[in-house]
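K.L.:
What shape does this take:
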Amino acid sequence: MQTASDIGDMDFGTWYAHATRRADLHLRQRVQTVMQGRHGSTFRGRGEDFEFFQPHALGEDTAHIDWKASERLEDSLLVRRLREERVLEVWIAADLSASIFTGFSAEGCKQRLLLDLIAIIGRSVIGQQDLLGFVSFDRNIHTVLQPFRSEKTFVNLLRMIWEHQPESGGATALLPALRFFENQEGVSQQKKKRLLLLLSDFETEDDWLPTAQRIRAMHPLLPIVLEESVPEHLPTSAGLLTYRDVESGQLQTVDARAWLRLLDEERLERRDHHLAGFEASGLAGLFVSRQTFDVDAIIEYLEAQRP
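P.N.:
The predicted model follows:
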């Protein structure tokens with residue numbers, strides 16, 4: 001099995017243009033459907049709870065000026081202020097351990113799947129004027145971005161994931177990311193709306209579910225499982241395949257057909273294991289692979305779990 005850097009032949013700009021075009025097309029269609037009254041909005045958004053009027057300051061965005069209320073004044077404009085508590089913070093914790101950066105093809109790599117997911121989620125959040133926070137991890141926390149709405153910050157975030165080089169032999173540990181959420185200052189304040197997404201292949205030996213349950217008692221926590229696409233066959237005339245396990249670093253030679261069957265069986269076993277854990281912990285997990293990737297299904301999943 002190769003790493004994404006060995007097999008990738010698409011540059012970041014090409015991928016970003018394709019991913020955002022796909023995301024925006026589906027989001028635009030959903031907005032049109034909302035206007036027809038068939039669905040709710042993608043996320044909760046800022047809401048319409050009026051709090052107070054405030055004089056408009058020079059250079060401030062004019063989008064929130066209340067022109068009708070301002071007609072009563074001779075020399076100033078009034079801005080409608082909404083309750084900030086209505087703003088939803090969506091936090092993504094993304095697994096950037098070595099196992100995410102492997103695959104049978106660049107398109108089937110879990111890193112590419114991770115990027116596609118974040119592109120969809122991020123465009124949805126920022127488009128609704130909500131806030132997007134980000135944490136990356138493997139065995140430790142690597143990057144923390146406090147909640148933002150900036151398109152430039154979002155593009156830089158995606159580029160960082162695209163260019164990331166994982167540590168050789170770096171195993172996945174979910175507890176650092178979960179403890180970040182649990183210990184984050186203010187995370188337990190119920191008045192602040194938060195949606196926490198954990199994106200990983202969950203190939204870990206951590207006993208992470210008890211921590212997840214404690215976090216879930218405060219805010220919705222959604223595990224999104226990245227599943228690798230296993231091909232039906234490999235182009236090898238001898239029927240043998242030698243590969244290096246990126247987390248152990250060991251070389252192994254296997255019968256290709258038997259190995260593919262084993263990988264598929266292990267994938268199904270892992271799914272059953274995760275499903276049992278999610279059900280016991282009250283978590284609504286989502287499994288995503290290249291074959292099952294569906295933009296509308298992902299957005300509907302998030303809508304159903306929002307606070």
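K.L.:
Can you mark which positions in the helix or strand containing residue 25 are buried?
P.N.:
Following DSSP states H and E, one finds residue 25 within helix 12-35. When burial is assessed from 16 or more other CB atoms under 10 Å, helix 12-35 yields the following buried residues: 15-16, 19-20, 23, 26-27, 30. The C-beta positions use only the backbone N, C-alpha and C, and glycine is treated the same way.
K.L.:
residue ranges for the helices of the stretch 151-300 of the chain, please.
P.N.:
Taking DSSP state H, counting those that start in this stretch as the test, the helices found in the stretch 151-300 of the chain are 151-163, 175-183, 209-216, 256-281, 295-305.
K.L.:
What of the stretch 1-150 of the chain?
P.N.:
Counting by DSSP H, counting those that start in this stretch, one finds helices in the stretch 1-150 of the chain at the ranges 4-7, 12-35, 67-70, 110-127.
K.L.:
would TSV of the ones you listed with mean pLDDT be doable?
P.N.:
Compiled in TSV, those are given as follows (pLDDT from 0 to 100):
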stretch	mean pLDDT
helix 4-7	40
helix 12-35	78
helix 67-70	74
helix 110-127	92
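K.L.:
Select, out of those, the one closest to residue 305.
P.N.:
Among the helices of the stretch 1-150 of the chain, helix 110-127 comes nearest to residue 305, with 12.2 Å by CB to CB.
K.L.:
May I have that closest one as CSV, with CA atoms only?
P.N.:
What follows is helix 110-127, C-alpha atoms only, in CSV (Å, rounded to 0.1, in the frame of the first residue of the first chain):
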residue,chain,number,x,y,z
LYS,A,110,-8.5,8.6,3.5
GLN,A,111,-6.7,11.9,3.5
ARG,A,112,-8.6,12.9,0.4
LEU,A,113,-11.9,11.7,1.9
LEU,A,114,-11.1,13.8,5.0
LEU,A,115,-10.5,16.9,2.9
ASP,A,116,-13.7,16.4,1.0
LEU,A,117,-15.7,16.1,4.2
ILE,A,118,-14.1,19.2,5.8
ALA,A,119,-14.8,21.1,2.5
ILE,A,120,-18.5,20.3,2.7
ILE,A,121,-18.8,21.0,6.4
GLY,A,122,-16.8,24.2,6.3
ARG,A,123,-18.6,25.7,3.4
SER,A,124,-21.9,24.9,5.1
VAL,A,125,-20.9,26.5,8.4
ILE,A,126,-19.3,29.6,7.0
GLY,A,127,-22.1,30.1,4.5
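K.L.:
Which neighbouring elements make contact with it?
P.N.:
With contacts defined as 3 or more CB pairs under 8 Å, 6 or more residues apart in numbering; DSSP states H and E, the secondary structure elements packing on helix 110-127 are helix 12-35, strand 89-95, strand 102-103, strand 131-137, helix 151-163, strand 194-200, strand 221-226, helix 295-305.
K.L.:
angle of that helix against helix 295-305?
P.N.:
With axes from the mean of the first three to the mean of the last three CA atoms, to 10 degrees as the criterion, the two stretches helix 110-127 and helix 295-305 enclose an angle of 60 degrees.
K.L.:
And for the closest residue to residue 137 other than its chain neighbours, the neighbour number?
P.N.:
Distances taken as CB to CB, 6 or more residues apart in numbering place residue 177 nearest to residue 137, at 4.5 Å, with adjacent residues excluded. Applying other CB atoms under 10 Å, we find 26 other residues in the vicinity of residue 177.
K.L.:
With residue 64 instead?
P.N.:
By other CB under 10 Å, 14 other residues sit near residue 64.
K.L.:
same question, residue 218
P.N.:
Other residues within reach of residue 218, judged by other CB under 10 Å, total 16.
K.L.:
How about residue 168?
P.N.:
The tally of other residues near residue 168 (other CB under 10 Å) stands at 11.
K.L.:
That one contacts residue 101, doesn't it?
P.N.:
No. In this structure, residue 168 sits apart from residue 101 without contact. The criterion is CB atoms under 8 Å, and the distance is 10.6 Å.
K.L.:
sorry, back to before: mind putting the helices of the stretch 151-300 of the chain into JSON lines with distance to residue 56 and mean pLDDT?
P.N.:
Formatted as JSON lines, the entries for these read as follows, by distance: least, CB to CB, whole Å; pLDDT from 0 to 100:
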{"stretch": "helix 151-163", "distance to residue 56": "24", "mean pLDDT": "95"}
{"stretch": "helix 175-183", "distance to residue 56": "37", "mean pLDDT": "91"}
{"stretch": "helix 209-216", "distance to residue 56": "40", "mean pLDDT": "94"}
{"stretch": "helix 256-281", "distance to residue 56": "48", "mean pLDDT": "85"}
{"stretch": "helix 295-305", "distance to residue 56": "34", "mean pLDDT": "85"}
